[in-house]
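> Quick one, fold the following:
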Amino acid sequence: MLEKIANGVWKLVLGEPEELTPVKYRKFDINKAGLESLLQRDVVPEVFQALEWKKTKRGIAVTLPMETTEDIFGFGLQLKSLNMAGRKRRIRVNSDPPADTGESHAPAPFYVSSAGYGLFADTFRYADFFMGTNSVKGRSAGKTEVNQIHQEFSESALYALKRAGEKRTIIIDIPGVNGITLYIFSGILKEAVQRYNLFSGGGPLVPMWGLGVWYRTYGGSDQDKVIQMAEAFRTEHIPVDVFGLEPGWHSHSYSCTYEWSYLFPEPEKMIEALKTQHYKINLWEHAFVYPAAPIYQDLLPYSGDYEVWNGLVPDFADEKAVEIFSDYHEKNLVDKGIMGFKLDECDNSDYNPSNWSFPEVSTFPSGMDGEQMHNGIGLLYQNLLDNIYRKKNLRTLSQVRASGALAAPLPFVLYSDLYDHRDFIRGIVTSGFSGMLWSPEVRSCENGGDFLRRVQTVIFSAQALLNCWRIPNPPWKQVDVEKNLRNEYMKEEVYYTQEIRRLLQLRMSLLPYLYSAFMEYHLYGTPPVRAVVLDYPEDSKAAVIDDQYLFGDSMMVCPLTIEDGTNRTVWLPKGTWHNFFSGEIFEGGREYQISAELEEIPVFVKNGALIPLAEPVECVSPDTIFWIRVKSFGKGEQCFTLYEDDFESLDAENGAYNQVLISRDQEGGISWERRGTQPIRYELEI
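Numbers count the residues shown, from 1 in each chain. Sure thing, here's the model as predicted:
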């Protein structure tokens, strides 16, 4: 039965669906106000008139028609490919997928099509999506072509991805079920993504400090070393907002005790020292509970029947397990001043020698089995910890290794221990199709040049994270791990320190612009960082661009890797574009060969844009006032909306924010108007 549940959103129930699904466990209401702000759509996309489904020995199979020119995007975080037309995707959480199969840290059973719709299958099962990979029997019966003697015959030619020359079928194979609920979202690409995100609840309300610079410190640091490094950053004017502590803070880490180790004999003293300097503290952990943990005995009845790393796997789908785990974290960590967590190794591993998989035959008190829990634990874990902060009317921005369907409202950013820079850029591009945030964190670097290229990418991402858990000294002093461990600094230390300071200051200058993009995500479901094709669906070239992306509404970021050297190809869609740094003008609708020295990253701005740039601060404190100047690109009337609130509480969810409207008139004059009664956090210099 097909049921319209909101503007442009339909629910279709086939057979008898399972009870334990992503929709059952989501905690955010549909953002109907945001959906009503979009184009009114009252007719279900035409393709669903041809939908068929059947029960099979495996479970159920759903089929839809697919056009030969149809482009498909989504399926969560995908590090290996962008356009899924002609590919098979398996929705299975896995930290180390051996190939481009669809498995990833954060797969999702959701996709969008250039045919004008998005589709979400409400399941935690390892569903397979065949996106035009096969024809039904008889479709090719009339083919008579034969190989010619001069035709290329090679392995690469035989096994290359090929788009079909005739109509094909989308097949959704969901094992072990008697039915499925599908949700349908109308609209071309970005509009369908917005509807899915708003159906999920809208994007998260993030704290301004969370958009600043993150530094995860050496795993072997003690509390004195942490305090010393924090003081050094302030002395050297290196912008940092968040200090992350790695596994060494636990008295036992694999599995976890969630208690402070001997390295931190007075944790509250350290927390206060960092708080005085306006740092926020984020703690690493995973969900596997060591026998010496204070909550171990209480969790025994509310955990799975197999261990990981000698620890319990709590059943986060069970209310009692959630209560025990949450209460401990709230009283012993959050109430002491911890502002967020890094949720590691909830992403399953089959291919790592030290795997952290529990078997799919596992059973949990909630009724989930191991398959469902693998695809669900990342989401359930995020829900649990976010609830603690929501109880206190506080925002957090944290990190997580696994996520899935309906994640848009959760204030967590994905990261990975895989480390290919090109893949990390592709992750920025693909994650935005499915309501996810991704950080191409800076960790190991081959050399100083690689370090700078990675930092350039990360400052133009959802989370500017430097993960330095392997080294006791900052990477701008020494990128070589072994030499860093021996406290040997690079001879170019001064150069790299200057460059990192400049880049991090650039990030801090972009905070009001990025914050406003996140507010648009919260209110209207528009991803703050996204693929080019979402804004330019009519551009056939954009459908394959996986190495450049939009940062907010106006900026096109085109990172380079160390392998690129100082040159890369950039595609600019139709229209006029401006180099963000130099102001040089480019006409779109064509490719350019762009040269960028090691200190440069190509960034282009849409013609007509207004970009608010703040005077960089070293951190965001409760009394920070951002002094903003407006950089204008092009001529003619234009407007940009800044969002202004307390940047820390959840009051903005109920409308407690200002809108600061920046305008340019036909003569190029800039003016601004503040609407709202909240305290002033922005001062504009016109």
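
> Give the buried residues for the longest helix seen in the chain.
Using DSSP state H to define each element, the chain has its longest helix at helix 370-391. Buried residues in helix 370-391, counted by 16 or more other C-beta atoms under 10 Å: 370-386, 388-390. Where C-beta positions appear, they are placed from N, C-alpha and C, glycine not excepted.

> With stretch 557-564 instead?
Quick answer for stretch 557-564 (16+ other C-beta under 10 Å): V557, C558, P559, L560, T561, I562.

> before we move on, what about stretch 93-108?
Quick answer for stretch 93-108 (16+ other C-beta under 10 Å): 93-97, 101-108.

> will you turn those into JSON lines that also has distance to G636 and pLDDT?
Output for these, formatted as JSON lines (distance: C-beta to C-beta, whole Å; pLDDT from 0 to 100):
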{"residue": "V93", "distance to G636": "48", "pLDDT": "96"}
{"residue": "N94", "distance to G636": "49", "pLDDT": "94"}
{"residue": "S95", "distance to G636": "49", "pLDDT": "92"}
{"residue": "D96", "distance to G636": "51", "pLDDT": "86"}
{"residue": "P97", "distance to G636": "47", "pLDDT": "83"}
{"residue": "T101", "distance to G636": "48", "pLDDT": "95"}
{"residue": "G102", "distance to G636": "44", "pLDDT": "96"}
{"residue": "E103", "distance to G636": "47", "pLDDT": "96"}
{"residue": "S104", "distance to G636": "43", "pLDDT": "95"}
{"residue": "H105", "distance to G636": "43", "pLDDT": "95"}
{"residue": "A106", "distance to G636": "41", "pLDDT": "98"}
{"residue": "P107", "distance to G636": "43", "pLDDT": "98"}
{"residue": "A108", "distance to G636": "40", "pLDDT": "98"}
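
> mind putting the residues you listed in a markdown table, secondary structure and distance to V605 included?
As requested, the buried residues of stretch 93-108 are arranged in a markdown table below (DSSP: H, G, I helix; E, B strand; the rest coil; distance: C-beta to C-beta, whole Å):
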| residue | secondary structure | distance to V605 |
| --- | --- | --- |
| V93 | strand | 37 |
| N94 | coil | 38 |
| S95 | coil | 37 |
| D96 | coil | 38 |
| P97 | coil | 36 |
| T101 | coil | 37 |
| G102 | coil | 34 |
| E103 | coil | 37 |
| S104 | strand | 31 |
| H105 | coil | 32 |
| A106 | coil | 30 |
| P107 | strand | 33 |
| A108 | strand | 31 |
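
> which stretches of the stretch 101-250 of the chain have low pLDDT?
141, 147-165 (pLDDT under 70).

> residues touching the nearest residue to D553 once chain neighbours are set aside, list them.
Leaving out its chain neighbours, the residue that sits closest to D553 by C-beta to C-beta, 6 or more residues apart in numbering is A517, at 6.9 Å. Taking C-beta atoms under 8 Å, 6 or more residues apart in numbering as the criterion, A517 is in contact with T526, P528, V529, F551, G552, D553.

> What of L12?
M1, L2, E3, F48, L51, T181, L182, Y183, I184.

> what about it, distance to D305?
For L12, the distance to D305 equals 35 Å [C-beta to C-beta, to the nearest Å].

> Equivalent analysis for A517, please.
44 Å.

> packing partners for the longest helix of the chain?
helix 22-25, helix 319-332, strand 338-343, strand 398-400 (3 or more C-beta pairs under 8 Å, 6 or more residues apart in numbering; DSSP states H and E).

> can I get the ones you listed in a markdown table with distance to F199 and mean neighbour count?
Shown next, in a markdown table, are those (distance: least, C-beta to C-beta, whole Å; neighbours: other C-beta atoms under 10 Å):
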| stretch | distance to F199 | mean neighbour count |
| --- | --- | --- |
| helix 22-25 | 9 | 17 |
| helix 319-332 | 24 | 17 |
| strand 338-343 | 24 | 25 |
| strand 398-400 | 21 | 25 |
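
> can you list these in CSV and add mean pLDDT?
Listed next are these as CSV, based on pLDDT from 0 to 100:
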stretch, mean pLDDT
helix 22-25, 98
helix 319-332, 98
strand 338-343, 98
strand 398-400, 98
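
> Can you say which of the ones you listed is nearest to L650?
For L650, the closest of these is strand 338-343, at 14.2 Å, according to C-beta to C-beta.

> which residues touch that closest one?
Residues contacting strand 338-343 (C-beta under 8 Å, 6+ apart): 210, 216, 242, 244, 271, 280-287, 329, 378, 381-382, 385, 394, 396-402, 412.

> before we move on, the earlier item: just curious, which of the contacts of L12 is nearest to G435?
Y183 (12.8 Å).

> Excluding sequence neighbours, find me the nearest residue to the closest one.
Closest residue in space to Y183, ignoring its immediate chain neighbours: F120 at 4.4 Å, by C-beta to C-beta, 6+ apart.

> where exactly do the strands run in the stretch 151-300 of the chain?
168-175, 178-186, 213-216, 242-245, 280-285 (DSSP state E, counting those that start in this stretch).

> need those strands in JSON lines with distance to W469, can you?
Converted to JSON lines, the strands of the stretch 151-300 of the chain look like this (distance: least, C-beta to C-beta, whole Å):
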{"stretch": "strand 168-175", "distance to W469": "38"}
{"stretch": "strand 178-186", "distance to W469": "39"}
{"stretch": "strand 213-216", "distance to W469": "5"}
{"stretch": "strand 242-245", "distance to W469": "8"}
{"stretch": "strand 280-285", "distance to W469": "8"}
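
> Mean neighbour count added to the ones you listed, as JSON lines?
Shown next, in JSON lines, are the strands of the stretch 151-300 of the chain (neighbours: other C-beta atoms under 10 Å):
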{"stretch": "strand 168-175", "mean neighbour count": "22"}
{"stretch": "strand 178-186", "mean neighbour count": "21"}
{"stretch": "strand 213-216", "mean neighbour count": "26"}
{"stretch": "strand 242-245", "mean neighbour count": "25"}
{"stretch": "strand 280-285", "mean neighbour count": "23"}
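
> Any idea which of the ones you listed gets closest to F316?
Distance to F316, taken as C-beta to C-beta, is lowest for strand 280-285 among the strands of the stretch 151-300 of the chain, at 13.4 Å.

> what residues does stretch 301-316 touch?
Here stretch 301-316 has contacts from 254-256, 287-291, 293, 296, 299-300, 318, 320-322, 324-325, 356-359, 362-366, 368, 370, 373, 376-377, 380-381, 383-384, using C-beta under 8 Å, 6+ apart.

> thinking again about what came up before, quick check: the two most widely separated of the buried residues of stretch 93-108?
Across the buried residues of stretch 93-108 (C-beta to C-beta), the longest gap, 18.7 Å, separates D96 and A108.

> coming back round to it: nearest to E482, out of the buried residues of stretch 93-108: which one, please.
Distance to E482, by C-beta to C-beta, is smallest for D96 among the buried residues of stretch 93-108, at 24.9 Å.

> can you pull the contacts of the closest one?
Contacts of D96 (C-beta under 8 Å, 6+ apart): S349, D350, Y351, N352, L418.

> about what we covered before: tell me if I am right that the residue nearest to D553 is in a helix.
Yes - assigned with DSSP: H, G, I helix; E, B strand; the rest coil, A517 falls within a helix.

> Give me the distance between it and L510.
Here A517 is placed at a distance of 10 Å from L510 (C-beta to C-beta).

> One more: D480?
D480 is 30 Å from L510, by C-beta to C-beta.

> out of the two, which sits in the more crowded spot?
Set D480 next to L510 and count neighbours by other C-beta atoms under 10 Å: L510 wins out with 23 against 17.

> How far does stretch 524-541 stretch from one end to the other?
Separation of the first and last residues of stretch 524-541 by C-alpha to C-alpha, to the nearest Å is 27 Å.
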